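Colleague: got a sequence here, can you build the structure:
(chains A and B, ligands or ions: 2)
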Amino acid sequence: MSNIQSLSSDAQRQDYLDQLESEAIYIMREVAGQFERPALLFSGGKDSITLVRLAQKAFAPGKIPFPLVHIDTGHNFPEAIQYRDWMANEVGAKLIVRQVEDTIKAKGLKEPTGKNASRNWLQTFTLLDTIEEFEFDACIGGARRDEEKARAKERIFSFRDEFGQWDPKRQRPELWNLFNGKISKGENVRCFPISNWTELDVWAYIEREKIPLPSIYFSHQREMILRDGNLLANADFIYKDDSDVIVTKTVRFRTVGDMTCTAAVESEASTIEQVVAEIKATRISERGETRIDDQQTEAAMEDRKKGGYF
Amino acid sequence: MDILRFITAGSVDDGKSTLIGRLLYDTKSILADQLEAVEKASKTRGDGEIDLALLTDGLRSEREQGITIDVAYKYFQTPNRKFISIDAPGHIQYTRNMVTGASNADLAIILIDARQGVVEQTRRHSLIASMLGIPHIVVAVNKMDLVGYSEDTFLQIAQEYQKLADKLAIKDLKIIPVSALAGDNIVDKSDAMPWYTGETMLHFLENVDVQHDLNLNDARFSVQYVIRPQTEELHDYRGYAGRVQSGVFRKGDTITVFPSEQTSTIAKIEVYGQEVEEVSAPQSATILLETDVDISRGDLISGTGNAPVLSQDVEAMICWMDDRKELKVGNKYTLQHGTTRVRCSVKGIEYRVDISNYDQLEDIESLKLNDVAKIVLRTAKPIAYDAYQTNRANGAAILIDETSNVTVGACMVEA
Ligand SMILES: Nc1nc2c(ncn2[C@@H]2O[C@H](COP(=O)(O)OP(=O)(O)OP(=O)(O)O)[C@@H](O)[C@H]2O)c(=O)[nH]1
Ligand SMILES: [Mg+2]
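Modeller: Ligands and ions are numbered 1, 2, ... in the order given. From the prediction side, this is the model:
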């Protein structure tokens, strides 16, 4: 019995980040163990970067046993795309990229135009096509429950029917850590290893692990569009009218989404420590501050998810 | 800093969502834009008072109906602890979602409406919480504002609940009079109830000891995945990746693999590629053995010492969760236990628990949605399990319907 003494104190030494990491790695391994063709959805944003690190650790010293998949809207930040390619190469994982542009052409989809037009919703089509093309039965995503109120309700293994739809009123029970990934052909499961992480947990982890990030997360000078109090990065494909003002600002981004719908914050924070300090002090949520697409209706995220979104 | 996972439970409208909303609000965990959104939603729905329940009731249907349908996870922290709060629905129809949330909880807050006292859902949720082995139960006698903050009412309900708790053998019980709506005894001590000298809800949540709830005696490790890099320098590497479910493993330990019962010695333990001397629950790790034994996903590595039960016969308490089909003797399911899946058939239903008085009803032929019962299963192959009450991780199992693939039963194995 003498060992129990030393162990309780050992258990206490497991910091909260260790606990979250351990849980996430357990989930990663469940995905690899339960599914035949999983994929990791990789956007070049901090949450999916965290996922890649977790996947590396989960299967070390082996390689990550599934490909990274990026659904490219064509409206991404160039820095994020650069980082994506670098990262895939760095970890030696296979990278699959599919273009929303191609889906638009192939399906003859009507692209939203005008002010605040975004391809965000169109990504869903490309994602579902990609899942079909490669017969992915599981897609690992970096969604966190603290991000948004519909996500706060989602299971860690989130079942999708053959149309990719999420049914929030009929979610499978999810008991203990016994994840049920059993599905029929054509169905798939979205798996969220960092469900229980908060934005600050992700930042703290990146800081602790010294994971390099795309440069847009740090303070830089950029040409911006000032619109309705939001600062958007200027790009050719963003529709502008007379009320938009072009300004040069010192900014950083708190999330990495499409340039069309991701707002920046003015900031001088150029190191991860400084960024974490600023985020700790802010009184505005990540989505509220940066995602113009979610500011539009009350149930925007729930509706997108029902339709097959990430 | 550690993490406490807690769930709110209890009957419809007893104030579970409001209580979590109040905890978030009074700990200043709600950001300005989220608060603004909730204020706006409250205005369009009600009398203009901010409805704290909207902080967790995030689905469209929930907001329309003013009820909780599925569990919501919310996160906050105080200087010493991080909290994962899980808001469960009170409606009987959604009991399986409550079970989902409760299965991982370290603590349950059971709410009681002070005007109603103990009702059927209080009894059901208390039973489930105790079966799930949630180590700490806090009863929040809520809506004290609506009974004039009466000490008598509180004492009466406390006494009534104590009787129920005795039947369930609840170990750590705390009862607190609160008003989630007004914020009495949630984060701040109530001026309206000077007769109550105990702790506030938050104070209790911050200080309850959860480290000692881990089973550190029985070494169990279920293999999730075999790592075989097959590169030149790691040609012979064979690591068993998994999570320590309970107990401790050390380099040099003799181990037994189940169900094959082969033995070997631990050559090396790695945590994400780094070698360590020992690992303990609930850490994820990779174990390498001295000898070549045939191990794959689903196997259990056990330390010598207390061995698990290896058997095809399993007795378990079950919460039945299928609203479409009943559980009947003779039915076949897939049983998932640890990382293993095995077919099983239902050999018998020993009894069903009567929720109103916890009596055991015999001669039961089938189970309906939300029934709690003791059943006997026979598995197609032996599985290595422990009793749930002493080892939550290796005594838990689920039943999966073989046609719909849905999880239909939560099993707590007895040994
Ligand atoms: N007067 C008073 N009303 C309360 C109190 N707590 C909650 N309520 C009200 O009771 C109603 C139900 O509250 P909820 O928090 O939604 O109840 P719930 O337990 O989450 O309900 P379900 O999740 O649907 O089971 C709401 O109108 C609340 O404002 C309280 O302490 N005092
Ligand atoms: Mg509720």
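
Colleague: how about the helices in the stretch 301-415 of chain B?
Modeller: Listed in chain order, the helices of the stretch 301-415 of chain B (DSSP state H, counting those that start in this stretch) span B:392-395.

Colleague: closest approach to chain A from it, which residue is it?
Modeller: Closest to chain A within the stretch 301-415 of chain B is B:N405: 4.1 Å, counting by Cβ to the nearest Cβ. For glycine as for every other residue, the C-beta is placed from the backbone atoms N, C-alpha and C.

Colleague: so who does the closest residue in space to that residue that isn't next to it in sequence touch?
Modeller: Leaving aside its chain neighbours, B:N405 sits nearest to A:K182 (4.1 Å; criterion: Cβ to Cβ, 6 or more residues apart in numbering or on different chains). Shown in contact with A:K182 (Cβ atoms under 8 Å, 6 or more residues apart in numbering or on different chains): B:334, B:400, B:405.

Colleague: pLDDT weak spots in the stretch 151-300 of chain A?
Modeller: For the stretch 151-300 of chain A, the stretches with pLDDT under 70 are A:291-298.

Colleague: residue contacts, residue 154?
Modeller: Since no chain was named, I'll use chain A. Taking Cβ under 8 Å, 6+ apart, we find A:E154 in contact with A:143, A:145, A:166, A:168, A:171, A:192, A:195, A:305.

Colleague: my bad, the chain I had in mind was chain B
Modeller: The neighbours of B:F154, taking Cβ under 8 Å, 6+ apart as the test, are B:114, B:141, B:144, B:177, B:196.

Colleague: now the helix or strand hosting it: how far from the chain's centre is it?
Modeller: Assigned by DSSP states H and E, B:F154 belongs to helix B:151-168. Remark: helix B:151-168 is offset 24 Å from the chain centroid, using Cα atoms, centre = their mean, to the nearest Å.

Colleague: can you check what angle separates the helix or strand following it from helix B:151-168?
Modeller: The helix or strand immediately downstream of helix B:151-168 is strand B:172-177, counting by DSSP H and E. Angle of strand B:172-177 versus helix B:151-168, following axes from the mean of the first three to the mean of the last three Cα atoms, to 10 degrees, is 160 degrees.

Colleague: may I see the buried residues of strand B:172-177?
Modeller: Buried residues in strand B:172-177, counted by 16 or more other Cβ atoms under 10 Å in any protein chain shown: B:173-177.

Colleague: ok, the helix or strand just after it near chain A or not?
Modeller: Downstream of strand B:172-177, the next assigned helix or strand under DSSP H and E is helix B:201-207. No. Figure legend: helix B:201-207 not in contact with chain A (Cβ under 8 Å from any Cβ of the partner chain); closest approach 14.3 Å.

Colleague: who touches helix B:201-207?
Modeller: Identification of contacts with helix B:201-207 by Cβ under 8 Å, 6+ apart yields B:4, B:6, B:19, B:23, B:26-27, B:78, B:80-81, B:83, B:107, B:109, B:138, B:140, B:174, B:176, B:178, B:185-187, B:199.

Colleague: mind doing that once more with 7 Å?
Modeller: The contact list for helix B:201-207 (Cβ atoms under 7 Å, 6 or more residues apart in numbering or on different chains) reads B:4, B:6, B:23, B:27, B:78, B:80-81, B:83, B:138, B:140, B:174, B:176, B:178, B:185-187.

Colleague: for the contacts of A:K182, which one is nearest B:Q162?
Modeller: Distance to B:Q162 across the contacts of A:K182 (Cβ to Cβ) is lowest for B:I400, with 38.3 Å.
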